[in-house]
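Novice: Sequence and predicted structure are below.
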Amino acid sequence: MEQLKTIGRELAMGSQGGAWAGQSKEFLDLVKSIGEARSKAEEDRIILREIESLRRRIAEPDVPRRRMKDYIIRLVYAEMLGHDASFGYIHAVKMTHDDSLPLKRTGYLAVTLFLNDDHDLIILIINTIQKDLRSDNYLVVCAALTAACKLINEETIPAVLPQVVDLLAHPKETVRKKAVMTLHRFYQRSPASVSHLISNFRKRLCDSDPGVMGATLCPLFDLITEDVNSYKDLVASFASILKQVAERKLPKTYDYHQMPAPFIQIKLLKILALLGSGDKQASGQVYNVLSDLFRKCETSSNIGNAVLYECICCVSSIYPNVKLMDAAIEATSKFLKACPSDSHNLKYMGIDALGRLIKINPDIAEEHQLAVIDCLEDPDDTLKRKTFELLYKMTKSSNVEVIVERMIDYLISIDDNHYKADIASRCVELAEQFAPSNQWFIQTMNKVFEHAGDLVNSRVAHNLMRLIAEGFGEDDEGADSQLRSSAVDSYLRILGEPKLPSLFLQVICWVLGEYGTADGKYTAAYIIGKLCDVTEAHLCNDTVKAYAISAIMKICAFEIAAGRKVEMLPECQSFLDELSASHSTDLQQRAYELQALLCLDSQAAGNVMPLDASCEDVEIDKDLSFLINFVQQSIEKGANPYLPESERLGMSGVSNFSSPYQQEASSHSLRFEAYELPKPSSIPVIPQPFISTSTTDLVLVPDTTYYRENNQASKLIVGPEASSADAGIKLRLDGVQKKWGKPTYSSSSSITTSVEKTTNGVVAHQDGIRSHSRDTTYDSRRQQPEVSVEKQRLAASLFGASASKTEKKATMAQKAPKGNSTNAEKSSVVRSVSPGTSKDKTAPPPDLLDFGEPVPTSAPTIDPFKELEGLIEPASALGPLYNTVKTGGDKAQDLMALHMDTPPSVSRTSLSLASEGTYSTDKSSYTEKPMIAVKKGPNLQDALHKDATARQVGVTPTGNNPNLFRDLLG
């Protein structure tokens, strides 16, 4: 934004030469107006007006290429200022195809700014990039490589990778440099796609052009970060390159502020710090180069200080060397002694470098104690925070009190909640490690919780409770008891304060419940009364209430186990009654547990709530061996033994444990074949085979219909097995589409269609299921200012001689709860059964209504064929009726007689029937007939009755489905 305003001011002063000479006056006016805008609203108005103008002009036919270039550049300005110019994206893509170099480069520039790597228009640029990578003009190749770094994503890397690899050997050094950068970008996006080309980076490290070599350092740094040991052999090469750069053997064009290639030096120092970490042999090859750099670094510029700072970081990372450590300490001292008029950046680098060096030699900080205190009192907040990080690293038992006190004072003064939480956790950690006394530790923790509030991590509260319960990890029980007594005393005093954080109250309740009456200083009634006061002051905090009722339960259990009578205070009883009627089941359970505990004897209460057993490990019997006797007794009394789930699903006789769908799913596996898109399927008209009879049968042909998804496909049972299956057949008509009622199409994501085919007089059901699914100069010789007495005292407290006291460290065994999670997977399987034919003419008719329902062991009381007899009359009656209609006879009563006995239970359902043959009227003989397909919907009788009446008077039916009547009556 500031750059745009600067450009606008230059244009306003008449500076329109140079790079702006070829631009249009409208573009220059736009940049000038943006730079002179006095508010964001005015700027938005200018850009919106410009966008509307460009939208209209770009849409004009036959726009000259030079004018289109001007439009695209103006769109770039609109996008840079946060406005949408997506209507011009396609024109920028088209401009990349232009043969003119200026237009092509403008198009690539605009596209890289407009599009991201997953935009839909990227596919239109891939071919252009491939063609430009093979161009003879190296400027075109460079433009394509620059665009590839921005636009090529993981999926399209293989399309251009071979051309990029070939360009690593291009005669132009600029092309080779950009090819290395492009390959590095591909590695960052998809390491697996270029893993076989890693050796090319090693080869380019020896390139004759320093620019190509410098570009290769970046991918090598990433590779070394991932795997240091694989590049240990390059330490000598990196040290040799760094030495040549430091000796100014590179061309003068690589100098910056009289520093020879400083950015290459910084990258090499970072790489050498990684390779020499913990390796004495590798570090030995770097010592001489680092010594030369410490001598030759110019500290008169920021870039020289940056190289010097990176040398200090490298020294602190590699295997220590005395001479290099002295040089690093001297350079750090120069940073810390920078004049107040200088930038705070030098002091910041000095504090950071000092923090790195004290890890090797902690006594270094004592030499710079006054400088550290100056930084601690500096008004710059960033410098102050960095100084606190240094103090945190140099804390020991002799200065912990001063450092923690300074941290707490800073904690009170800041408003940044994130940094407050960080400072609080550091104070807690230092107090746990270097606490000089129990009383100081408790007081420090109270201050942290009081001022940090609920920003303190909940882990800190649990660690504090564990520390109080376990003590300091020593065998001195007296010291641990004194710690707990001090905690109880301090918490009872703090409870009188009006406002306390919820997390702090949880710690207070837990400590009072565990150790409130342990030393006998306070009575149980007094502690219970204090806990009730806590709950009254925090009526809306269920967590505090839960901690309070649990603390009261512990105190009561300890009193009962000691043989003392527990006197329930009135406020405690009312609190208990309140929790018993609470909406929180957790609070209710705790209240009922307390009531049950009050009725136990001393031995039972001691077993339920043992004294000071909060840190004891709970042994879990995973085999539940304590239930063995109970199980044996139950089995002897006739109880069924436990069966694992796999056995329950696998046993066919135990039908109560698994549904038929579960049994079916257990015998199949998941299907992973590709799905097709759902399409509506029409049931074709079934042809009638030639039958040598005198009558012609009536065939009802259903229209295209949609079916709901069923869990099991239809089955066809024919032959001798049909007689045993008929008794258990059930007509499943749920989910069938209504014909005359409200449409009930199934969802587009899952459609089940059923197609019937006739082969040799046998109907075959084929069911298909389709489903669709889918981130500055300083002077080191200046006179030292006088130091105040107060600062000298503070420095003596921070950097005094190391104390002889033994530092106590709390050992806290972290325990992670164990849990098991079970993931159950279910598969939905649809079965398809091919029909067969029956050879026995006297056998029962084939089962045409089996929709996959499992066959029960007991036969139903109602025969489904009895219920379906009224749906279709015997074949003997169909022939004459059809002949009569065909010859023009009026027999409406015969037409209606066809559906007079339709059962009401199926009159509202769409049903498709197909039969190999039909029965005669007496059902004693079986005669082969052409298949009869019936399609019925709701209120079929009324529909046919209306149709018959309409035909009697000569009116053509125009109902919901006239095709049905046309098929019926020809």
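Specialist: Yep, that arrived.

Novice: any low-confidence regions in the chain?
Specialist: Within the chain, the stretches with pLDDT under 70 are 1-22, 339-342, 472-475, 650-787, 799-941, 943-970.

Novice: Mind doing that once more with 80?
Specialist: Low-confidence segments of the chain (pLDDT under 80): 1-23, 338-343, 438-439, 453-454, 471-479, 496-498, 539, 611-619, 645-970.

Novice: can you map out the strands along it?
Specialist: 255-256, 259-260, 750-759, 762-771, 911-913, 917-919, 926-928, 934-936 (DSSP state E).

Novice: and Asn229, how many neighbours does it have?
Specialist: 9 (other CB atoms under 10 Å). (Each C-beta comes from the backbone N, C-alpha and C, glycine too.)

Novice: any idea how far it is from Leu220?
Specialist: Distance of Asn229 to Leu220, computed by CB to CB, to the nearest Å: 14 Å.

Novice: likewise Ile403?
Specialist: The spacing between Ile403 and Leu220, counted by CB to CB, is 41 Å.

Novice: hang on, Gln506 packs against Thr543?
Specialist: Yes: applying CB atoms under 8 Å as the test, Gln506 and Thr543 come out as touching, 6.5 Å apart.

Novice: of those two, who's got more company?
Specialist: The neighbour comparison of Gln506 against Thr543 (other CB under 10 Å) goes to Gln506, with 20 against 14.

Novice: list the contacts for Asp84?
Specialist: By CB atoms under 8 Å, 6 or more residues apart in numbering, Asp84 lies in contact with Ile51.

Novice: Recalculate using a threshold of 7 Å.
Specialist: Asp84 sits next to no residue when contact means CB atoms under 7 Å, 6 or more residues apart in numbering.

Novice: Was I right to think Leu217 contacts Lys267?
Specialist: Yes: applying CB atoms under 7 Å, one finds Leu217 in contact with Lys267, separated by 4.5 Å.

Novice: More neighbours: which of those two?
Specialist: Per other CB under 10 Å, whichever of Leu217 and Lys267 has more neighbours is Leu217, with 22 against 19.

Novice: show me the contacts for the more buried one.
Specialist: Taking CB under 7 Å, 6+ apart, one finds 264, 267-268, 271 in contact with Leu217.

Novice: Can you flag the buried ones in those residues?
Specialist: Among the contacts of Leu217, those scoring as buried are 264, 267-268, 271 (criterion: 16 or more other CB atoms under 10 Å).

Novice: What is the neighbour count of Gln188?
Specialist: Other residues near Gln188 number 13, with proximity taken as other CB under 10 Å.

Novice: how far away is the nearest residue to it once chain neighbours are set aside from Phe186?
Specialist: Excluding the flanking residues, the one nearest Gln188 by CB to CB, 6 or more residues apart in numbering is Asp222, at 7.4 Å. Computed as CB to CB, the Asp222 to Phe186 distance reads 12 Å.

Novice: circling back to that earlier point, out of the buried ones among the contacts of Leu217, which is nearest to Asp233?
Specialist: Ile271 (13.1 Å; CB to CB).

Novice: ok, now which ones touch the closest one?
Specialist: Neighbouring residues of Ile271 by CB under 7 Å, 6+ apart: 217, 220-221, 224, 238.

Novice: of these, closest to Arg648?
Specialist: For the contacts of Ile271, the nearest to Arg648 is Ile224 (57.3 Å; CB to CB).

Novice: residues in contact with the closest one?
Specialist: Listed by CB under 7 Å, 6+ apart, the contact set of Ile224 reads 231, 271, 274-275.

Novice: same question, Ile72
Specialist: Listed by CB under 7 Å, 6+ apart, the contact partners of Ile72 are 88, 91-92, 95, 106, 110.

Novice: What residues of stretch 209-226 count as buried?
Specialist: Neighbour counts over stretch 209-226 (16+ other CB under 10 Å) mark 210-217, 219-221, 223-224 as buried.

Novice: So which of those residues are in helices?
Specialist: Counted as lying in helices by DSSP state H, out of these, are 210-217, 219-221, 223-224.

Novice: export those to CSV and tack on distance to Ser398?
Specialist: Putting those into CSV (distance: CB to CB, whole Å) gives the following:
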residue, distance to Ser398
Pro210, 52
Gly211, 54
Val212, 55
Met213, 51
Gly214, 48
Ala215, 51
Thr216, 50
Leu217, 45
Pro219, 48
Leu220, 45
Phe221, 41
Leu223, 45
Ile224, 41
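
Novice: Let me know the closest of those residues to Ala192.
Specialist: Closest approach to Ala192 among these (CB to CB): Leu223, at 13.9 Å.

Novice: so Ala338 makes contact with Lys347?
Specialist: Yes: using CB under 7 Å, Ala338 is in contact with Lys347, at 5.8 Å.

Novice: List the residues that contact the spatially closest residue to Thr387 that is not a sequence neighbour.
Specialist: Nearest residue to Thr387, sequence neighbours excluded (CB to CB, 6+ apart): Cys375, at 4.4 Å. By CB under 7 Å, 6+ apart, the contact set of Cys375 is 347, 351, 383, 387.

Novice: Cys532 too?
Specialist: By CB under 7 Å, 6+ apart, the contact set of Cys532 is 569, 571-572, 575.

Novice: Only the buried subset of those residues, as a ChimeraX command please.
Specialist: Restricted to buried positions by 16+ other CB under 10 Å, the ChimeraX selection for the contacts of Cys532 reads:
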select :569,572,575
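
Novice: What would stretch 149-158 look like as PDB? C-alpha coordinates only.
Specialist: Only the C-alpha atoms of stretch 149-158 are listed here, as PDB (Å, rounded to 0.1, in the frame of the first residue of the first chain):
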ATOM      1  CA  CYS A 149       6.900 -22.500  -9.400                       C
ATOM      2  CA  LYS A 150       3.600 -20.900  -8.600                       C
ATOM      3  CA  LEU A 151       1.000 -22.800 -10.600                       C
ATOM      4  CA  ILE A 152       2.100 -26.400 -10.900                       C
ATOM      5  CA  ASN A 153       0.500 -28.600  -8.200                       C
ATOM      6  CA  GLU A 154       1.200 -32.100  -7.100                       C
ATOM      7  CA  GLU A 155      -1.000 -33.700  -9.700                       C
ATOM      8  CA  THR A 156       0.600 -31.800 -12.700                       C
ATOM      9  CA  ILE A 157       4.200 -32.100 -11.600                       C
ATOM     10  CA  PRO A 158       4.900 -35.200 -13.800                       C
END
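
Novice: can you list contacts of that stretch?
Specialist: 111-112, 115, 117-118, 122, 125-126, 160, 181-182, 185-186, 189-190, 193.

Novice: among these, which ones are buried?
Specialist: The neighbour count (16+ other CB under 10 Å) marks 111-112, 115, 122, 125, 160, 181-182, 185-186, 189-190 as buried among these.

Novice: so which of those would you say is closest to Gly35?
Specialist: Gly35 has its nearest neighbour among the buried ones among the contacts of stretch 149-158 in Thr112, at 24.4 Å by CB to CB.

Novice: thought that closest one was touching Ala147?
Specialist: Yes: in this structure, Thr112 is within contact of Ala147 by CB under 7 Å, at 5.6 Å.

Novice: Can you add distance to Leu357 and give the contacts of Leu217 back as JSON lines?
Specialist: Shown next, in JSON lines, are those (distance: CB to CB, whole Å):
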{"residue": "Ile264", "distance to Leu357": "25"}
{"residue": "Lys267", "distance to Leu357": "22"}
{"residue": "Leu268", "distance to Leu357": "21"}
{"residue": "Ile271", "distance to Leu357": "21"}
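
Novice: what's the nearest residue to Asp255 if we skip its chain neighbours?
Specialist: Ala261 (7.2 Å).

Novice: and the gap between that neighbour and Ala557?
Specialist: 75 Å.

Novice: again, but for Lys565
Specialist: In this view, Lys565 and Ala557 are 13 Å apart by CB to CB.
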